[in-house]
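In: No letters, just coordinates:
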């Protein structure tokens, strides 16, 4: 057990996790011209997976999946921890 773990109740601390799919750059004019059914091409291939982030820090990598329920909610399967910088 960590020497400080008894001082911090980690079971009640919540953090927001963000899933990053990729990035693209657009001019303001291109952004304003977007319409339904337009497609934005990202800087990643489909097989590259996603980044799992806390704040701006990538903590792990994952892949998109469904949860198998009738509603088939979008989920992320963790496939590995992020490499240290």
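Out: Nice, I can see it. Every value quoted in this text rests on a predicted model; they were computed, and no experiment measured them.
In: could you show me where the strands are in the protein, in order?
Out: 17-20, 50-54, 57-66, 74-81 (DSSP state E).
In: Deepest in the core, which of the ones you listed is it.
Out: By mean neighbour count, with neighbours taken as mean count of other Cβ atoms under 10 Å, strand 50-54 ranks first of the strands of the chain at a mean of 18. C-beta coordinates here come from the backbone N, C-alpha and C atoms, glycine included.
In: Could I get the phi/psi values of residue 22?
Out: phi 160, psi -180 (degrees, to the nearest 10).
In: Look up the closest residue to it, ignoring the ones flanking it.
Out: Excluding its sequence neighbours, the residue lying closest to residue 22 (Cβ to Cβ, 6 or more residues apart in numbering) is residue 42, at 3.0 Å.
In: And the one you found, how close does it get to residue 74?
Out: According to Cβ to Cβ, to the nearest Å, residue 42 stands 16 Å off from residue 74.
In: do the same with residue 16
Out: From residue 16 over to residue 74 the distance is 17 Å, taken as Cβ to Cβ.
In: Contacts only, for residue 16.
Out: The contact partners of residue 16, taken as Cβ atoms under 8 Å, 6 or more residues apart in numbering, are residue 54.
In: Please apply the same query to residue 64.
Out: Under the criterion of Cβ under 8 Å, 6+ apart, the neighbours of residue 64 are 49, 50, 74, 75, 76, 77.
In: For beta bridges, what are the partners of it?
Out: Beta-bridge partners for residue 64, by DSSP bridges, are residue 76.
In: What of residue 20?
Out: residue 51.
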